[in-house]
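Q: predicted model follows, preceded by the sequence.
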Amino acid sequence: MNGPGEGKRGSRGFRNIALIAIILIFSLVILQSFFNNSEARRELGYSQFLELVNSGRVAKVTIKGQTLTGTEADGRTKFKTVIPTNPPDPELFPLLKEKGVEIEVQSEGSSSWLFSALVWVLPALLVIVLWMWMIRRMQGEGTSALSFGRSQAKLITKEFSKVTFADVAGIDEVKEEVQEIVEYLKDPQRFVRLGAQIPKGVLLVGPPGTGKTLLARAIAGEADVPFFSISGSDFVEMFVGVGAARVRDLFRRAKEERRPAIIFIDEIDAVGRKRGAGIGGGHDEREQTLNQLLAEMDGFEKNEQVIILAATNRPDILDPALLRPGRFDRKITVPPPDLKGREEILKVHTKNKKLAPDVDLHILAQRTPGFVGADLENLCNEAALLAARRKKSAIEMQDFEEAIDRVIAGVERKSHIISEEEKLRIAYHEAGHALVSKLLPKAVPVHRISIIPRGQALGYTLQLPLKDKYLFSKEELLDRITSTLGGRAADELVFNEITTGAKEDLEQATEIAKSMVISYGMSERVGPISLGRDNGNVFLGEDLILNRDHSEKMSALVDEEIKRILEECYERAKRLLKEHQAALKRIAEELLKVEVLEGKRLDELLAEVEPQTQPQPQPA
Ligand code: ADP
Ligand code: MG
Ligand code: ZN
């Protein structure tokens, strides 16, 4: 759906002139040959011609250089021949005179004036064309006469997007927010009449794969306006001045439309990074590009009817100048989808796929917390590929289950050699997580455990829900820590040895304990006091920052409490596993056999273990 590339466009002037020149030349040539062959002539050999003269049947000849044309005595039949001129035939003229033939001699060039004109005009024309072309380029590109900006500017694409809001699922609030932009693009006059100010620049912010690019296209598609897009990384080139030229081109082309249009700069952080931080003191290519971008945005008329969208997942590193009023002053956050959103996105991406009746998108959504739109799309595709490989007529739930594993931890590395000893350890570790979770009334249920190495993780226990819950009780958090430490507890209990395999478990458990003490006031000894800021969801593993405005004593107490919570949870996990060692063994052995335990089978194995109902002594 791409429009004509900018490369073609840029030299359009030159092409037009060249085309006209070529047409002109051709018509001259055709004209010339037309004149020459205006009458049909019989071609004769020289001796044939002499014979004709001797027989007295020639009335008149016209000689031009080597060419002789003549008319026969009947006055109608014409002929043509070539006569020798170097040396000339000395008998020709006496013979003609003797036979009383009328002789006309023309100067050689006279009737081919067109041709000789061509010989002179052609080079001149070429020179003029070339010269005009150079001038045009110089004007267009400022200093860079042989600019790369235009020739490679095909990176800027103009399209009429076919994507609509129906293709963007699960982020309804965002869609509502951008609805206004769509309305404006559809009918700018409605807003202008009322003096309403529409933001010139809108920044879409969100993690990768949440659908920012998709949303930008959908806005263009909904409003049915031309969509000019370029990716920030395309700006970053080796040649200085290229980026700036592209920015200029981009805005020029959008303005040339003379109607509502969208300019979309994807991954703007590649070019919009804070200035002055570049290598070489900040007079680098990126900075020039950014300056040009700022200048173009400022140079926009109020009624230009062009809206600039940009997308980034790093708004924190953007140059503040970009975010000032009149530039990207509207920020729209595109968050990762929640449970309901994920189900809707799955619906969109399975719309054209053949699903078996056992496929339950709601369950799939439950099993994919943290998945963004791109992951879900990938998931659907993987599932389809798996089903196809197995020559199925429809995609079954089983294919989706496997696809989830693949997407979560990269492609299965079955070839990765893992010793039996290691496998045994991983099996008990994962079984430890699963069993402890099952034994704790408030812990999150386990959906699947696996000992197949994928990506970085050796094995994993998938617990859900993770992010779709926003309120946690102290008990839930403690249970969570306990089940997270269940793996390490099993290691110690069964093998009486601890390994490096629990690194991420420890990090996660510590993070939860830390936020309990310093953010949620869940430690009685520290009290209901907030001692830190946590930037985001604790389970995302984001850093908790401890404020510096409290006493040494408090700091020590906080550390003590975190340690105590973790230790008590750990002891609790060990105790639970010890009490149910038979169950632990059963799960681990089953895991060794089938490598992945999921859904029903896991429930069956766990059901043989009664969940512990009497309250456990809670660490404070
Ligand atoms: P971003 O630009 O935020 O990194 P993209 O827009 O490039 O993400 O998304 C990549 C792909 O993932 C899209 O082409 C689309 O197929 C899918 N996708 C992402 N978010 C959504 C969504 N909300 N609804 C439907 N599909 C989505
Ligand atoms: Mg993108
Ligand atoms: Zn673990």
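A: Received, thanks. Fair warning: this is a prediction, and the values are worked out from it, not measured in the lab. Ligands and ions are numbered 1, 2, ... in the order given.

Q: can you tell me the helix or strand for the closest residue to ligand 3 within the stretch 401-550 of the chain?
A: Taking Cβ to the ion as the measure, the point where the stretch 401-550 of the chain comes nearest ligand 3 is residue 487, at 3.2 Å. Backbone N, C-alpha and C define where each C-beta goes, glycine included. Using DSSP states H and E, residue 487 maps to helix 474-495.

Q: can you give me the buried ones in stretch 193-205?
A: Neighbour counts over stretch 193-205 (16 or more other Cβ atoms under 10 Å) mark 198-205 as buried.

Q: from these, which two are the most distant?
A: Largest separation among the buried residues of stretch 193-205 by Cβ to Cβ: 198 and 205, giving 19.2 Å.

Q: can you count the residues close to residue 61?
A: Neighbour count of residue 61, defined by other Cβ atoms under 10 Å: 21.

Q: pretty sure it sits in a strand.
A: Yes - applying DSSP: H, G, I helix; E, B strand; the rest coil, one finds residue 61 inside a strand.

Q: could you measure from it over to ligand 3?
A: With the distance defined as Cβ to the ion, to the nearest Å, residue 61 ends up 110 Å from ligand 3.

Q: what do you get for residue 244?
A: Residue 244 sits 51 Å away from ligand 3, going by Cβ to the ion.

Q: pull up the per-residue confidence for that residue.
A: For residue 244, the pLDDT comes out at 79.

Q: ok, it - contacts?
A: Residues in contact with residue 244 (Cβ atoms under 8 Å, 6 or more residues apart in numbering) are 149, 288-289, 291-292.

Q: out of the buried residues of stretch 193-205, who's nearest ligand 3?
A: Nearest to ligand 3, judged by Cβ to the ion, of the buried residues of stretch 193-205 is residue 205 at 33.1 Å.

Q: need the pLDDT of the residue in the chain sticking out farthest from the centre.
A: Of all residues in the chain, residue 98 has its C-alpha farthest from the mean position, at 90.3 Å, by Cα atoms, centre = their mean. On pLDDT, residue 98 comes in at 86.

Q: cool, and residue 179?
A: Listed pLDDT for residue 179 reads 91.

Q: that one: which element?
A: Secondary structure (DSSP H and E) places residue 179 in helix 172-186.

Q: state the mean pLDDT of the next helix or strand along the chain from that helix.
A: On the C-terminal side of helix 172-186, the closest following helix or strand by DSSP H and E is helix 188-193. The average pLDDT for helix 188-193 rounds to 85.

Q: after helix 188-193, heading C-terminal, what element do we hit next?
A: strand 201-205.

Q: quick check: residue 263 touching residue 308?
A: Yes - counting by Cβ atoms under 8 Å, residue 263 does reach residue 308; the two are 4.6 Å apart.

Q: who in this structure is up against ligand 1?
A: Counting by Cβ under 6 Å from any ligand atom, the residues of the chain lying close to ligand 1 are 168-171, 206, 208-214, 311, 345, 348, 373-374, 377.

Q: so the residue most central in space within the chain is in which element?
A: In the chain, the centroid-proximal residue (Cα atoms, centre = their mean) is residue 213; its distance is 7.1 Å. Using DSSP H and E, residue 213 falls within helix 212-223.

Q: quick one, that helix and helix 172-186 angle?
A: With axes from the mean of the first three to the mean of the last three Cα atoms, to 10 degrees as the basis, helix 212-223 and helix 172-186 are set at 40 degrees to each other.

Q: same question for helix 212-223, mean pLDDT?
A: In this model, helix 212-223 has an average pLDDT of 93.

Q: packing partners of that helix?
A: Judged by 3 or more Cβ pairs under 8 Å, 6 or more residues apart in numbering; DSSP states H and E, the packing partners of helix 212-223 are helix 172-186, strand 201-205, strand 227-231, strand 261-266, strand 306-312.

Q: list the buried ones in the third one?
A: The neighbour-count check on strand 227-231 (16+ other Cβ under 10 Å) flags 227-231 as buried.

Q: what's in contact with it?
A: The contact list for strand 227-231 (Cβ under 8 Å, 6+ apart) reads 155-161, 216-217, 220-221, 246, 250, 253-254, 261-267, 270.

Q: try the longest one
A: Contact with helix 172-186 is made by 165, 168, 190-191, 198-199, 202, 215, 219, 222-225, 260, 262, 305, 307, 332-335, 341, as judged by Cβ under 8 Å, 6+ apart.

Q: just checking, residue 451 touches residue 428?
A: No - look at residue 451 against residue 428 with Cβ under 8 Å: they stay out of range, at 9.6 Å.

Q: nearest to residue 552, of the helices and strands packed on helix 212-223?
A: strand 201-205 (39.1 Å).

Q: quick check: neighbours of that closest one in the sheet, parallel or antiparallel?
A: Next to strand 201-205 in the sheet, as set by DSSP bridges, lie strand 306-312 (parallel), strand 330-333 (parallel).

Q: with mean pLDDT, mean neighbour count and distance to residue 592 added, can I get those in a markdown table?
A: Putting those into a markdown table (pLDDT from 0 to 100; neighbours: other Cβ atoms under 10 Å; distance: least, Cβ to Cβ, whole Å) gives the following:
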| stretch | mean pLDDT | mean neighbour count | distance to residue 592 |
| --- | --- | --- | --- |
| strand 306-312 | 91 | 25 | 46 |
| strand 330-333 | 88 | 17 | 45 |
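
Q: where does the stretch 251-400 of the chain have low pLDDT?
A: Within the stretch 251-400 of the chain, the stretches with pLDDT under 70 are 275-285, 301-303, 369-370.

Q: contacting residues for the one residue in it that gets nearest to ligand 1?
A: Per Cβ to the nearest ligand atom, residue 373 is where the stretch 251-400 of the chain lies closest to ligand 1, at 2.0 Å. Residues near residue 373 by Cβ under 8 Å, 6+ apart: 169-170, 209-211, 214, 337, 345.

Q: for ligand 1, what's its nearest residue on the stretch 201-350 of the chain.
A: For the stretch 201-350 of the chain and ligand 1, the shortest gap (Cβ to the nearest ligand atom) falls at residue 211, measuring 2.6 Å.

Q: isn't residue 102 right next to residue 58, touching?
A: No - between residue 102 and residue 58 there is no contact under Cβ under 8 Å: 9.1 Å.
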